[in-house]
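Asker: what's the 3D shape of this:
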Amino acid sequence: LLSTLPEAKEMQELLNVEWEALESSHKEGKIALDMAADIHKFNRDIDVTRSWIDEKFVIVNDANYGKDLRSTESLLRKHGEFETDVVGVKQKLEELHKTCENLSQK
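Answerer: A predicted model of the protein is given here:
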């Protein structure tokens, strides 16, 4: 037990300093963890987008133009779907670019 009031005040001040250091360390750790989570999500999104692009390269480089009217029309429908997908991926790439800029500024 503390025998005097000055010792008690000194102990309280020491505890306050240690508490503030702990809170500061916790806040810094939270910021670092949030940043790590953002970077991992960004990397995952990049990998997913890259995989999509790789899959589409196979389709685009296919020299199959159909052997009859039905197969050609089917390929034309798939091409239309592909064009729609490309617009979505372009938007995703723009989002990733903005995310990259934001992460690099942190």
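Asker: what is the lengthiest helix in the chain packed up against?
Answerer: Criterion DSSP state H: the longest helix present in the chain is helix 5-60. Applying 3 or more CB pairs under 8 Å, 6 or more residues apart in numbering; DSSP states H and E, we find helix 5-60 packed against helix 69-105. Any C-beta I mention is one placed from the backbone N, CA and C, and that applies to glycine too.
Asker: list the buried ones in the helix it packs on?
Answerer: Applying a neighbour-count criterion of 16 or more other CB atoms under 10 Å, one finds L75, T99 buried in helix 69-105.
Asker: what angle sits between it and helix 5-60?
Answerer: Between helix 69-105 and helix 5-60, the angle comes out at 150 degrees (axes from the mean of the first three to the mean of the last three CA atoms, to 10 degrees).
Asker: I'd like the average pLDDT over the longest helix of the chain.
Answerer: Across helix 5-60, the average pLDDT comes to 93.
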